[in-house]
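Asks: Predicted model and sequence follow; I will ask about them next.
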Amino acid sequence: MTITADSVAITDFYGNPASGKEYHVDWDPASAEKGGFSSFMEKEINDQPDAVAQTLLGRSDLDGKLTLDELRIDPELLKQVNKIIVLACGTAAYAGMVAKYAIENWCRIPTEVEPRARVPLP
């Protein structure tokens with residue numbers, strides 16, 4: 001796509017002019033991104049089940065056991081973990097609180113969540 005002060009030209013991957021349908025969108029950009037929900041928070045809450053399902057897709061064996069092969073951590077080393085500390089800020093801190101619950105409930109490993117203020121990079 002080439003945009004100038006006077007024109008817009010849309011081409012395919014090979015530079016050939018592309019044809020298409022013109023659409024009129026009467027939403028403002030923020031409304032369009034919210035997908036019909038009244039707030040971004042409501043949208044994110046409703047997106048969670050699908051986000052988790054997509055994240056775990058292909059990560060279980062035939063017995064339904066979760067497999068995370070890319071971690072490549074020796075199971076004996078994992079058995080030595082006696083505490084987990086989650087450092088996060090904003091909504092990630094809330095996600096850390098959910099992770100704390102899951103880790104303590106399923107793995108029986110004590111977990112702490114330490115909210116941190118966002119520090120600007122130099």
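Replies: That came through, no problem. Just so it is clear, the structure is predicted and the values come from calculations on it, not from any experiment. Residues are numbered from 1 along each chain as shown.
Asks: all helices of this protein, in order?
Replies: 29-33, 40-56, 75-78, 91-102 (DSSP state H).
Asks: quick check: angle from the second one to helix 91-102?
Replies: Compare the direction of helix 40-56 with that of helix 91-102 by axes from the mean of the first three to the mean of the last three Cα atoms, to 10 degrees and you get 50 degrees.
Asks: ok, and what's touching helix 40-56?
Replies: 33, 34, 35, 37, 66, 91 (Cβ atoms under 8 Å, 6 or more residues apart in numbering). For the C-beta atoms, the positions are set from N, CA and C on the backbone; glycine is no exception.
Asks: Now do the same contact list for residue 12.
Replies: By Cβ under 8 Å, 6+ apart, the contact set of residue 12 is residue 18.
Asks: returning to that earlier point: let's see if you can find the most crowded of the contacts of helix 40-56.
Replies: residue 34 (17 neighbours; other Cβ atoms under 10 Å).
Asks: pLDDT score for it?
Replies: Looking at residue 34, its pLDDT is 81.
Asks: what's the spacing between it and residue 92?
Replies: Distance of residue 34 to residue 92, computed by Cβ to Cβ, to the nearest Å: 20 Å.
Asks: swap in residue 109?
Replies: From residue 109 to residue 92 the distance is 20 Å (Cβ to Cβ).
Asks: What separates the first and last residues of stretch 65-81, distance-wise?
Replies: Terminal residues of stretch 65-81 lie 20 Å apart, using Cα to Cα, to the nearest Å.
Asks: what's the burial count for residue 99?
Replies: The burial count for residue 99: 16, using other Cβ under 10 Å.
Asks: tell me the contacts of it?
Replies: Residue 99 sits next to 86, 111, 113 when contact means Cβ under 8 Å, 6+ apart.
Asks: So which of those residues are in strands?
Replies: 86, 111, 113 (DSSP state E).
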